Each structure stands twice: as structure tokens, then as C-alpha cells.
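>>> Sequence first, then the predicted structure:
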Amino acid sequence: MQALDRLAKLRAAMENLGIDAVIIPTADPHLSEYVPAHWSLRAALSGFTGSAGMLLVSAEDAALIADSRYWEQAQKQLPAEIALIRLTGSFLDHVTAWCEENLPQGSIVGYDPELVSLNL
């Protein structure tokens, strides 16, 4: 199954649950540096296979936040429907800016609490 097919299924599930967007980090419950394949949801949904990055998905938009080590790789691997956000500050700053630009106020943003640290 292709990444865009998986994104479509994710968006259908989000709609059923009343979630406006989701944050999908590159992480496992131990916040390991190297994530086992079983926890590679971000790669499965985006097609980006780099070892770091965060995927943001709404009903209409998707973006991958990646640092400069991965910009060239992300441009090659991401489908045109997923924007690349070049990480230049903190992930939290970029997530907040993306949500403000792409979601109406009061939107529900989902995430797996086992995969996101308190400092994002």
C-alpha cells in the first residue's frame, strides 16, 4: 500500500473520531534514537525514510518537519501532497505555526501520548 493510500485511511479514521489533525513523530514508547520498524508510522504514512522528522496531517494538508540533514532526502521521497517544513527552531514552534496556519481555532489535534515527550 502506498503512503497516500495510508494517508487517506488515516483521514477517514480522523473524520470518524472527530479529530481535525494528528501529530505523528518518529518515535517509539521508549523515545529511542533508532525506532524499530514496528513503530515507523511516520515513514509508512509519508514515504520519508529518514531517521528523524515529524508528520502533521489534517483533512486537507500534510507536512513533514525535518532538520537540515534530511532536506534533500525528504524532497526526493515525499509525495507532492506532503509539504516539507525545514526545521530551523524547535519542533514545538513549527507545529504551533502549522496548526495556526492550517486549522481553525478550537480544532482537536490528536497524538499518541506514548510517542510525544512533554517538550515535543
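On my side now, so go ahead.

>>> For burial, what's the neighbour tally of residue 103?
For residue 103, the count of nearby residues is 18 (other Cβ atoms under 10 Å). All C-beta spots, glycine's among them, are computed from the backbone N, C-alpha and C.

>>> Does residue 30 belong to a helix, a strand or coil?
Three-state call for residue 30 (DSSP: H, G, I helix; E, B strand; the rest coil): coil.

>>> Please tell me the pLDDT value assigned to it.
The per-residue pLDDT reported for residue 30 equals 83.

>>> Please put the alpha-carbon coordinates of the lowest-mean-pLDDT helix or strand in the chain into CSV.
When the helices and strands of the chain are scored by mean pLDDT, DSSP states H and E, helix 41-46 comes last with a mean of 91. Coordinates of each C-alpha in helix 41-46 appear next as CSV, following Å, rounded to 0.1, in the frame of the first residue of the first chain:
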residue,chain,number,x,y,z
LEU,A,41,4.2,5.0,11.3
ARG,A,42,5.6,8.4,10.1
ALA,A,43,7.6,6.6,7.3
ALA,A,44,4.6,4.4,6.3
LEU,A,45,2.3,7.5,6.0
SER,A,46,4.7,9.8,4.3
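
>>> That one - contacts with which helices or strands?
Under the contact definition 3 or more Cβ pairs under 8 Å, 6 or more residues apart in numbering; DSSP states H and E, helix 41-46 sits against helix 3-17, strand 21-25, strand 54-58, strand 62-66.

>>> looking at those, which is closest to residue 93?
Taking Cβ to Cβ, strand 62-66 is the member of the helices and strands packed on helix 41-46 nearest to residue 93, at 9.9 Å.

>>> And the contacts of that closest one?
Residues from elsewhere that reach strand 62-66 (Cβ atoms under 8 Å, 6 or more residues apart in numbering): 7, 42, 46, 48, 50, 52-56, 74, 78, 81-87, 91, 94-95, 98.
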